[in-house]
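In: Below are the sequence and a predicted model; questions follow.
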Amino acid sequence: MRLRVEFTTEPFDLEEAPAHAVAAREVIQKAELDAVDVGPFGNTAEGDSDRVLTAVAALLRDALDAGATRVSLQVNVIGEDGA
């Protein structure tokens, strides 16, 4: 099964990326996922369900440890073709 995760961390800082946002992005970028898209107001990645779920657990832990007060995420099952 393939999954797509979309996430944001708060509080926002429009001047520079907060430590919690950087920590969450680093987890996703190191997780060997596909279609990683990191942006200022949202991030997405796709991959095998085991890798995505492992990355989500690490993302939550690291972002909260780095000062996030809220982590919003959505996980969707996607087809093998990305749809």
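Out: The structure has been received and is ready for your questions.
In: show me where this protein has strands.
Out: 2-10, 34-38, 43-48, 70-78 (DSSP state E).
In: Which strands border the last one, and is each parallel or antiparallel?
Out: Strand pairing for strand 70-78, using DSSP bridges, gives strand 2-10 (antiparallel).
In: Please enumerate residues in contact with the strand it pairs with?
Out: The contact list for strand 2-10 (CB atoms under 8 Å, 6 or more residues apart in numbering) reads 18, 20-21, 24, 28, 35, 41-49, 52-53, 55-56, 59, 63, 68-80, 82. For the C-beta atoms, the positions are set from N, CA and C on the backbone; glycine is no exception.
In: Report the buried members of those.
Out: Using 16 or more other CB atoms under 10 Å as the burial test, the contacts of strand 2-10 include 18, 20-21, 24, 28, 43-47, 52, 55-56, 59, 63, 68, 71 as buried.
In: tilt between the worst-scoring helix or strand of the chain on mean pLDDT and strand 70-78?
Out: One helix or strand of the chain scores below all others by mean pLDDT, DSSP states H and E: strand 34-38, with a mean of 87. Inter-element angle recorded for strand 34-38 and strand 70-78: 150 degrees (by axes from the mean of the first three to the mean of the last three CA atoms, to 10 degrees).
In: so what secondary structure elements neighbour strand 34-38?
Out: If contacts are counted by 3 or more CB pairs under 8 Å, 6 or more residues apart in numbering; DSSP states H and E, strand 34-38 sits against helix 19-30, strand 43-48.
In: and the nearest residue to Ser72 once chain neighbours are set aside, how many neighbours?
Out: For Ser72, ignoring the flanking residues on the chain, the nearest one in space by CB to CB, 6 or more residues apart in numbering is Thr8 at 5.0 Å. Burial of Thr8 is recorded as 19 neighbouring residues (other CB atoms under 10 Å).
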